[in-house]
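Enquirer: All I have is the shape, not the residue letters:
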């Protein structure tokens, strides 16, 4: 059974490229949500193997979404990886303290995103 | 899908996502451009600054993903300055230049996909003792882009084969091969693989067919057929040899699927593996296989049920189906064939048996399909088969939210070509256009001849403006080609085209076709040699898209044609005085969206440009001034955009499109 990833980003192009990259390069199955709110519902219903979460989103940002995911029993155990255009060490530490499994930089390279995600989560290289 | 092709395929899909989202990315520049327009006050406007910074941040996060790393660097730089610089320093940071640079970058960028490797010319060896026939085959093969060589007999052929290799041999059995030589020929062929062999005979007799089979010929033709037919058959045989096939394999056993992938992958067959039969139809539509392999026993749906469903479907009922089953009792086999299967392989799979059966079936099917799906004369799809493919593309595009552009092309005054130069010349024109269209479009586009002098192109994931530009390039290339009829003087031809875009213009082929046809009609009516889209506005008496002011006809005439070809209405002024009168509304009042000013003697250019720039009409025209490369670097007229001659067509068109999209 291939891994299922939920990608959460308010930007259409980023969601599309991430999905394209994870599906074609690694053969993962991709679910997508355009807001933190949508992500909470989808994650609860589908229970993906990991969530790739944008930090800057209108309404509910990445860190808030992460906290709500952790508060929901059905989604608390899903590893969350942040996607951010700001990867300063201080930010990294803040995300780690929130309970993020890893932080990946934006823009990502579509050809290596899947491998970076797998490495960050300790999965076998796709 | 082979591992080596993966990045390339991803890149191609990335290119589609890029062209779909380019508009969105450009849209993100709006807040930055608003900020620039409101300078210098905007440096102290916190809302404008933070909105601009937020959009720059998003651009920084996106552009690099498409390979535009310098775009990310630039956007990040703009973001940082907007976020942290004190107002007076920000003013000196040259933000407008950076934003303009970013816009140009996004507009001009294309995701680089590797150009397909240049097609090697096929080499054909003609073994034929009649020099007349050999000459004719040689000439036709050369005309079709093959390299040909002639040998009068087997010995000569052997000599040539020692020195160089060939892809196909055309061998006259009657004259070049003595009765006892069949063995020798066979050895010759076998010692030079992979080489296709087409046998020719003087009489279509059963004995000759047996001889042909003995020497290992792949094709067989009586010499009474025409020379073009002989060369056609060579092309078909070569196509089969190089074809890559796609297979969909359905089996709930993952180890079987993995084995099939490995086995068939070695034979240039791409296998899409599916373990859940419930997803069958979706995967079928997406993967468009040439053959399906079904497991007999599976949960949810049995192979027999899938097989019957395929046979009952109008689009897919001709698809070859091969069954895998571990039981091979007569009852099972009967049920498989009565459900409509073409072939059956028992598990455990014997490698050579499976690959041979699959390969045979695929080659035979491709041959029949090529004969029935493609137009014989032009080698592009025929109407029926293109309808099926385009309809399928529309479904795919709908699911993935992508556009499709549909274009109908009709040669201008084609009847006159036939009447003046004869039907052979007419056929040459059709063949040339067919070849040009085949070369100009990507493999995911559909090119078809719908009858007579009418062709259709379906462009996947392609928006209207880009599609018009690409058609314009084809039209230019066609117009530049000189045809040389066997009798009479050389001539050139052109076409008109109409374009409709899915889904904005319509959601089904019939509607799109009707709208594209209407646009085509208008293009013809406007004089032909141009591409009109459904959105090309009809020319109004006192309004024009572009006004050209130039005293130099050698400059203005081609420019006018380039513009009209793309559907713009154009007004040409050769006298600057008349242009001043009309464009400034002094008399008659002609309004233009764009004015292109050529360098003119004396102060005419500056006078006209200044008058136009200071006009108070709304919307004021966008003015571009052409300058020769020798003229000074500072603009001829302050505040107007200058274009250096000779201009690049694609670049100029992009500038103009920007004016119209605002």
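Expert: Yep, it's here. Computed from a predicted structure; not experimentally measured.
Enquirer: Hmm, residue B:75 and residue B:63 touching each other?
Expert: Yes. Counting by Cβ atoms under 8 Å, residue B:63 does reach residue B:75; the two are 6.4 Å apart. C-beta coordinates here come from the backbone N, C-alpha and C atoms, glycine included.
Enquirer: Tell me which of those two has more neighbours.
Expert: Comparing residue B:63 with residue B:75 by neighbour count (other Cβ atoms under 10 Å in any protein chain shown), the higher total belongs to residue B:75, at 32 against 26.
Enquirer: Pull the contacting residues for the more buried one.
Expert: Going by Cβ atoms under 8 Å, 6 or more residues apart in numbering or on different chains, residue B:75 touches B:56, B:57, B:59, B:60, B:63, B:102.
Enquirer: how about these, which pair is most distant?
Expert: Farthest pair in the contacts of residue B:75 (Cβ to Cβ) is B:57 and B:102. Separation: 13.0 Å.
Enquirer: neighbour count winner among those two?
Expert: residue B:102 (26 against 22).
Enquirer: so which helix or strand takes in the residue lying closest to that one once chain neighbours are set aside?
Expert: Nearest residue to residue B:102, sequence neighbours excluded (Cβ to Cβ, 6 or more residues apart in numbering or on different chains): residue B:74, at 5.4 Å. Applying DSSP states H and E as the criterion places residue B:74 in helix B:69-84.
Enquirer: and if you look at residue B:417?
Expert: Per DSSP H and E: residue B:417 is located in helix B:414-421.
Enquirer: What are the buried residues along the helix or strand following that helix?
Expert: As assigned by DSSP H and E, the chain's next helix or strand after helix B:414-421 is helix B:423-440. Within helix B:423-440, the residues that count as buried by 16 or more other Cβ atoms under 10 Å in any protein chain shown are B:425, B:426, B:428, B:429, B:430, B:431, B:433, B:434, B:436, B:437, B:440.
Enquirer: Stretch A:90-99 now?
Expert: A:92, A:95.
Enquirer: and chain A, which of its residues are near chain B?
Expert: Counting by Cβ under 8 Å from any Cβ of the partner chain, the residues of chain A close to chain B are A:11-14, A:16-17, A:20-21, A:24-25, A:56, A:85, A:106-111.
Enquirer: again, only using 6 Å
Expert: Neighbours of chain B within chain A, by Cβ under 6 Å from any Cβ of the partner chain: A:13, A:16, A:17, A:20, A:24, A:25, A:85, A:106, A:107, A:108, A:110, A:111.
Enquirer: residues near the closest residue to the first one other than its chain neighbours, how many?
Expert: Computed as Cβ to Cβ, 6+ apart, the closest residue to residue A:13 that is not its neighbour in sequence is residue B:21, at 3.9 Å. The burial metric for residue B:21, expressed as a neighbour count using other Cβ under 10 Å, is 19.
Enquirer: quick one: what helix or strand has residue B:21 in it?
Expert: If you go by DSSP H and E, residue B:21 is part of helix B:6-27.
Enquirer: give me the element residue B:56 is part of.
Expert: Element membership of residue B:56 [criterion: DSSP H and E] is helix B:46-63.
Enquirer: Check the secondary structure at the closest residue to residue B:315 other than its chain neighbours for me.
Expert: Spatially, and ignoring its direct neighbours in sequence, residue B:315 is nearest to residue B:388 (5.9 Å; Cβ to Cβ, 6+ apart). Classification of residue B:388 by DSSP: H, G, I helix; E, B strand; the rest coil places it in helix.
Enquirer: Can you give me the distance of residue B:388 to residue B:49?
Expert: 55 Å (Cβ to Cβ, to the nearest Å).
Enquirer: And residue B:482, by the same measure?
Expert: For residue B:482, the distance to residue B:49 (Cβ to Cβ) stands at 59 Å.
Enquirer: So out of everything in chain A, what residue is nearest chain B?
Expert: residue A:107 (3.1 Å; Cβ to the nearest Cβ).
Enquirer: burial count for that residue?
Expert: 23.
Enquirer: Residue A:117 too?
Expert: By other Cβ under 10 Å, 27 other residues sit near residue A:117.
Enquirer: who's in contact with whichever strand or helix holds it?
Expert: Here residue A:117 sits within helix A:113-121, counting by DSSP H and E. The set of residues external to helix A:113-121 that reach it, using Cβ atoms under 6 Å, 6 or more residues apart in numbering or on different chains, is A:21, A:22, A:25, A:26, A:50, A:79, A:81, A:102, A:104, A:125, A:126.
Enquirer: My assumption is that the first one lies in a helix; please confirm.
Expert: If I follow you right, that is residue A:21. Yes. Under three-state DSSP, residue A:21 sits within a helix.
Enquirer: what's near enough to touch the residue lying closest to it once chain neighbours are set aside?
Expert: Of all residues beyond its chain neighbours, the one nearest residue A:21 is residue A:110 (3.9 Å), with distances taken as Cβ to Cβ, 6+ apart. Residue A:110 makes contact with A:17, A:21, B:14 under the criterion Cβ under 6 Å, 6+ apart.
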